[in-house]
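Enquirer: need coordinates for the following:
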Amino acid sequence: MRILVFSWRDPKHPLAGGAEQVMHEHMKGWVQAGHSVMLFSSRVRELDKREVLDGIEVVRKGDQYFGVKLAGFIYYLKKKNNFDFVIDQFHGIPFFTPLYVRKPKLAVLQEVTKEVWFLYHLMPFPFNYILGLIGYLSEPITLLFYKKVPFMVGSNSAKIDLIKMGIPAKNITIIPHGVIVYTPKPFPKKEKVKTIVFLGALAKDKGVEDALKVFSILAKKGKYQFWVIGRGSPEYKDYLMSVCGKFGITNKVIFWGFVDQKKKFELLARAYVLINPSVREGWGLVNIEANSIGLPVIAYRSPGLVDSVVNGQSGILCKDNSPQEIANNVLYLLGEKALYDRLQNGSVLWSKQFSWDTSRKKSLDLIDSLAS
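Expert: Numbers count the residues shown, from 1 in each chain. Here you go, the predicted model:
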């Protein structure tokens, strides 16, 4: 088949995250199976308008929020005879393909946005709240256009949220994500100072501000160091640095920024605990990455995180979502060696259940069945 994938960001976008990585891995599998795949995504000044990534042709036009939707619509009208199947991947705002695509299609969604609409941190008040309110109220209406469209999601949490918004359960297929693992050799020793790490995009909805609150609580309880791994806008990072100053932990927190796979897994292996205070996830890929090298996760009991963290096996799910609760669990876990060892072993076993070979095969079977 000739497959067209619409997405607001591609894997090389400066703000690309887990959703873009997941989509890319599925597309690689489709190319390997003999399909041709084109990814239509937003334009970024420092990236080429066209390039090929792992056999996937990438076309970039329009800004990531609204421009890419309009550009995608115009592109499809001109080139629709070149494609047999369309993927509509959306993050908050879809491409509205049911209105103009009459060929077989699949909606790919990582998570329903819901309250995340109100956590957009790059706009000043009250514009961020106005945008959030518009998005929050319009999301259920938007999904009405997709009531007859098949969906692919990565977790049961995402499926439940879609059902609550009117998508029939029979139209939703859960395909768990795989994980790309790198095992450092030689395997590094743990840091001498107990190290707590946050891994993810520097964004309000990912809970990085709550992570800093956790760090501030722990800093008063003993000798710790704290790592933040992930990228974000320079303005927001400056704000986070000011928060560290306010909490008096500036000298205890290292912001690593974006790191490559090798460095990421080296840092995770040297740390003691990963904390994940995200408000909402489609799955929580960073949890599985941490687990793969024996790092337990302490996470909020949020959608997606309740799917990717097995309470008592791969980590601990908080009873209530608060920085104090995460801090209490960190102190408890690091004070109980037998429990820590058990969670380390359980983490590795849990992570081994996720393979991209398996996930790609399932998504390939899904698009083949929909096309036929």
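Enquirer: contacts, neighbours, all on C-alpha from now
Expert: Fine.
Enquirer: can you pull out the helices in the protein?
Expert: With helices called from DSSP state H, the chain shows them at 18-32, 67-79, 127-144, 156-164, 208-219, 234-247, 261-270, 285-292, 305-308, 323-334, 337-351, 356-371.
Enquirer: most packed of those helices?
Expert: Sort the helices of the chain by mean neighbour count, taking mean count of other C-alpha atoms under 10 Å, and helix 285-292 sits at the top with a mean of 25.
Enquirer: so where's the stretch 251-372 of the chain uncertain?
Expert: Low-confidence segments of the stretch 251-372 of the chain, defined by pLDDT under 70: none present.
Enquirer: quick one on the thing from earlier: would you turn the helices of the chain into JSON lines with distance to Val59?
Expert: Rendered in JSON lines, the data for the helices of the chain read as follows (distance: least, C-alpha to C-alpha, whole Å):
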{"stretch": "helix 18-32", "distance to Val59": "14"}
{"stretch": "helix 67-79", "distance to Val59": "10"}
{"stretch": "helix 127-144", "distance to Val59": "25"}
{"stretch": "helix 156-164", "distance to Val59": "28"}
{"stretch": "helix 208-219", "distance to Val59": "32"}
{"stretch": "helix 234-247", "distance to Val59": "27"}
{"stretch": "helix 261-270", "distance to Val59": "26"}
{"stretch": "helix 285-292", "distance to Val59": "26"}
{"stretch": "helix 305-308", "distance to Val59": "32"}
{"stretch": "helix 323-334", "distance to Val59": "42"}
{"stretch": "helix 337-351", "distance to Val59": "34"}
{"stretch": "helix 356-371", "distance to Val59": "22"}
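Enquirer: out of these, which comes closest to Trp8?
Expert: Set against Trp8 and scored by C-alpha to C-alpha, those come closest in helix 67-79, at 6.6 Å.
Enquirer: which elements pack onto that closest one?
Expert: Based on contacts counted as 3 or more C-alpha pairs under 8 Å, 6 or more residues apart in numbering; DSSP states H and E, there is no element that helix 67-79 packs against.
Enquirer: what sits up against that helix?
Expert: Residues lying outside helix 67-79 but in contact with it, judged by C-alpha atoms under 8 Å, 6 or more residues apart in numbering, are Phe6, Trp8, Phe40, Ser41, Ser42, Arg43, Lys61, Gly62, Pro94, Phe95, Tyr100.
Enquirer: which residue is nearest the middle of the chain?
Expert: The residue lying closest to the centre of the chain (C-alpha atoms, centre = their mean) is Gly18, at 3.6 Å.
Enquirer: what's near enough to touch Lys80?
Expert: For Lys80, no residue counts as a contact, taking C-alpha under 8 Å, 6+ apart as the criterion.
Enquirer: actually Met1, not the one I wrote
Expert: Met1 is in contact with Gly34, His35, Ser36, Phe83, Asp84, Phe85, counting by C-alpha under 8 Å, 6+ apart.
Enquirer: domains of the chain?
Expert: Residue ranges for the domains of the chain, per automatic domain parsing: 2-178+355-371, 194-351.
Enquirer: and Pro184, which of the ones you listed is closest to it?
Expert: The nearest among these, by C-alpha to C-alpha, is domain 194-351 at 5.9 Å.
Enquirer: where does Val153 land on pLDDT?
Expert: Reported pLDDT at Val153 in the predicted model: 96.
Enquirer: just to revisit the earlier point, identify, from the contacts of helix 67-79, the entry nearest to Gly166.
Expert: Proximity to Gly166 was ranked across the contacts of helix 67-79 by C-alpha to C-alpha; first place goes to Pro94, at 15.9 Å.
Enquirer: mind putting the contacts of helix 67-79 into CSV with pLDDT?
Expert: Written out in CSV, the entries for those read as follows (pLDDT from 0 to 100):
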residue, pLDDT
Phe6, 98
Trp8, 93
Phe40, 98
Ser41, 97
Ser42, 96
Arg43, 95
Lys61, 96
Gly62, 94
Pro94, 93
Phe95, 96
Tyr100, 97
